[in-house]
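S.K.: Here is the input, now give the coordinates:
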Amino acid sequence: MILENIQKKIIPFQNISKFKNSVTTKPIVFTNGCFDILHLGHLTYLSEARELGNFLWIGVNSDLSVKALKGENRPINSEQDRSIMLASLLFVDAITIFSDATPIPLLELIKPDIHVKGGDYIAEEMPEYKTIISYGGIVKILPFVAGKSSTNIINKIKG
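M.R.: Numbering: from 1, shown residues only. Reported below is the predicted structural model:
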């Protein structure tokens, strides 16, 4: 029963419009990423993102898009596993898996009030920046947690 409720947070792309219409809490905060091996850096980032609004929606890169971004040996965890782990977090309200190179198609449907990215981004240089600004949304850049990354964990395991 608990796992079923967690899985209800995973919203298929084709159901976004209908689901979004049922969301009454504002502002909606959106972020996206691979979230391949969930770690303290992810948890800190996502909890800080959620504190910016009342609803946190995460776009999770599909397995194919992670391979394109990170290389043939990634992801470590499947898109479904990554989504379920993220959905199990109390401060996460919705997850959608996407295969596009950027989250622009998701952003055009969700139109979040706030789009959050990690500290290595410059808002105005992001491909999705113009989309967010066009409907009146804002972009917030949150700092990284030093030394916490999936790549660091993978390298440590490799020894």
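S.K.: Next, give phi and psi for the nearest residue to residue 127 once chain neighbours are set aside.
M.R.: Among residues not flanking residue 127 along the chain, residue 102 sits closest, at 4.7 Å (C-beta to C-beta, 6 or more residues apart in numbering). C-betas here are computed from N, CA, C, even on glycine. Summarising the backbone geometry of residue 102 under the convention degrees, to the nearest 10, its torsions are phi -130, psi 170.
S.K.: Burial check on residue 102, number of neighbours?
M.R.: By other C-beta atoms under 10 Å, 15 other residues sit near residue 102.
S.K.: Please tell me how far it sits from residue 115.
M.R.: 11 Å (C-beta to C-beta, to the nearest Å).
S.K.: Return every residue with contacts to both of these two.
M.R.: Residues within reach of residue 102 and of residue 115 at once, by C-beta atoms under 8 Å, 6 or more residues apart in numbering, are residue 128.
S.K.: in the lowest-mean-pLDDT helix or strand in the chain, what counts as buried?
M.R.: Using mean pLDDT, DSSP states H and E, the weakest-scoring helix or strand in the chain turns out to be helix 150-158, at a mean of 77. For helix 150-158, the buried set under the neighbour-count rule, 16 or more other C-beta atoms under 10 Å, comprises 150, 153.
S.K.: would you list every one of the strands in the chain?
M.R.: Here the chain has its strands, by DSSP state E, at 28-33, 55-61, 94-98, 114-118, 138-142.
S.K.: Nearest approach to residue 67 belongs to which of the ones you listed?
M.R.: Closest approach to residue 67 among those is made by strand 55-61 (9.5 Å; C-beta to C-beta).
S.K.: Please name the strands paired to the closest one in the sheet, noting orientation.
M.R.: Neighbouring strands of strand 55-61 in its sheet, by DSSP bridges, are strand 28-33 (parallel), strand 94-98 (parallel).
S.K.: which outside residues touch the first one?
M.R.: Residues from elsewhere that reach strand 28-33 (C-beta under 8 Å, 6+ apart): 42, 45-46, 49-50, 52-61, 98, 103, 106-107, 110-118.
S.K.: nearest spatial neighbour of residue 153, skipping sequence neighbours?
M.R.: residue 37 (5.2 Å).
S.K.: Output the contacting helices and strands for the longest helix along the chain.
M.R.: Counting by DSSP state H, the longest helix found in the chain is helix 40-50. Taking 3 or more C-beta pairs under 8 Å, 6 or more residues apart in numbering; DSSP states H and E as contact, the helices and strands that helix 40-50 lies on are strand 28-33, strand 55-61, strand 114-118, strand 138-142.
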